[in-house]
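K.L.:
give me a model of this one.
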Amino acid sequence: MKEIDFLPEWYKSGRRRQISYRTQYVALGGIFVVMLVWSFIADRSVSKAKAELAQTTARASFAESGSQEFAKIKDQVTELQKKANILGKIDSKIDVAGVLAEVSFLIDESVVLGRVELGAETFAGRQEGKTFQRAGAAVRVAGRSFAGKEMRSLGDVRFKVVISGIAADASDVAELICKLEDSPYFCLVYPSFSRNKKIQVETGLGKENFRVTEFEIGCYLANYREQVRK
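P.N.:
The predicted structure follows:
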């Protein structure tokens with residue numbers, strides 16, 4: 001039995017076109033959804049990458065700033081170390097407190113000090129490149145000072161002490177000179193001057209005049225020794 005198709009050809013063609021259009025619409029819709037999802041994912045990836053880049057840039061900037069600060073501090077430490085080395089070289093290492101304590105110990109109530117000076121001076125007769133001398137004897141800085149502490153003088157120098165003040169009598173000045181000569185802290189003690197002087201002192205009965213002895217004594221710290229040249 002033969003089937004007879006009564007549908008016209010134009011109708012069949014229209015149906016095929018509708019199915020084709022529908023298929024294309026579905027495919028385009030699917031592609032649009034895929035592109036939309038892909039765009040969303042790409043946007044999130046780009047945003048995340050930008051955030052990571054910003055963090056990396058901030059860390060790099062912080063690291064660079066820290067590196068510059070470290071270099072600056074390192075330069076400052078180097079400069080301070082140089083200054084410390086210079087101070088270490090010029091530091092006399094003198095126990096000033098010990099010297100003043102010894103002076104206070106040697107002075108009794110009849111003596112009042114007005115001035116105590118401590119200064120460095122070169123040895124007399126020193127010549128460049130040669131052993132310095134004093135009074136026919138070769139002199140060199142001792143390895144240890146008084147009080148058992150190591151001494152490092154600023155070059156070839158010795159330290160002079162000048163003491164001045166007033167005493168009740170000239171005999172008190174002479175006694176102080178003897179005490180300085182016997183002290184292990186001092187050497188080459190000599191009186192600069194000693195003279196009588198009148199001073200006024202306020203008492204309960206008014207001003208009274210007293211006769212005292214004004215003096216000045218020079219000496220050197222015994223932190224070096226003389227070595228006789230052979």
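
K.L.:
residue 216 contacts residue 166, correct?
P.N.:
No - counting by CB atoms under 8 Å, residue 216 does not reach residue 166; the two are 10.6 Å apart. Quick note: C-beta positions are derived from backbone N, CA and C, even for glycine.

K.L.:
what's the one residue sitting closest to the centre of the chain in contact with, if anything?
P.N.:
With distances taken as CA atoms, centre = their mean, residue 80 lies nearest the centre of the chain, 4.9 Å away. Residue 80 makes no contacts at all, as judged by CB atoms under 8 Å, 6 or more residues apart in numbering.

K.L.:
so how far is residue 199 from residue 110?
P.N.:
In this structure, residue 110 and residue 199 are 14 Å apart, going by CB to CB, to the nearest Å.

K.L.:
oh, I was asking about residue 77
P.N.:
56 Å.

K.L.:
again with residue 180
P.N.:
Distance, residue 180 to residue 199, by CB to CB: 24 Å.

K.L.:
between those two, which is the more surrounded one?
P.N.:
residue 180 (23 against 11; other CB atoms under 10 Å).

K.L.:
can you tell me the SS state at the closest residue to that one other than its chain neighbours?
P.N.:
Nearest residue to residue 180, sequence neighbours excluded (CB to CB, 6 or more residues apart in numbering): residue 189, at 4.5 Å. What DSSP: H, G, I helix; E, B strand; the rest coil gives for residue 189 is strand.

K.L.:
can you list contacts of stretch 107-114?
P.N.:
For stretch 107-114, contacts defined as CB under 8 Å, 6+ apart pick out 103, 163-169, 172-173, 175-176.

K.L.:
can you redo these as CSV, where the extra columns are pLDDT?
P.N.:
Converted to CSV, the contacts of stretch 107-114 look like this (pLDDT from 0 to 100):
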residue, pLDDT
103, 88
163, 91
164, 91
165, 91
166, 90
167, 90
168, 87
169, 87
172, 90
173, 91
175, 92
176, 91
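
K.L.:
so which of these belong to strands?
P.N.:
Residues of those located in strands (DSSP state E): 163-167.

K.L.:
return the helix or strand in this protein with minimum mean pLDDT.
P.N.:
Sorting the helices and strands of the chain by mean pLDDT, DSSP states H and E puts strand 137-141 at the bottom, at a mean of 33.

K.L.:
buried set for stretch 165-180?
P.N.:
Using 16 or more other CB atoms under 10 Å as the test for burial, stretch 165-180 gives 165-168, 172-173, 175-177, 179-180.

K.L.:
ok, which pair from the residues you listed is furthest apart?
P.N.:
Farthest-apart pair in the buried residues of stretch 165-180 is 168 and 180; separation 17.8 Å (CB to CB).

K.L.:
and the nearest residue to residue 162 once chain neighbours are set aside, what's its pLDDT?
P.N.:
Nearest residue to residue 162, sequence neighbours excluded (CB to CB, 6+ apart): residue 117, at 4.3 Å. The model reports residue 117 with a pLDDT of 87.
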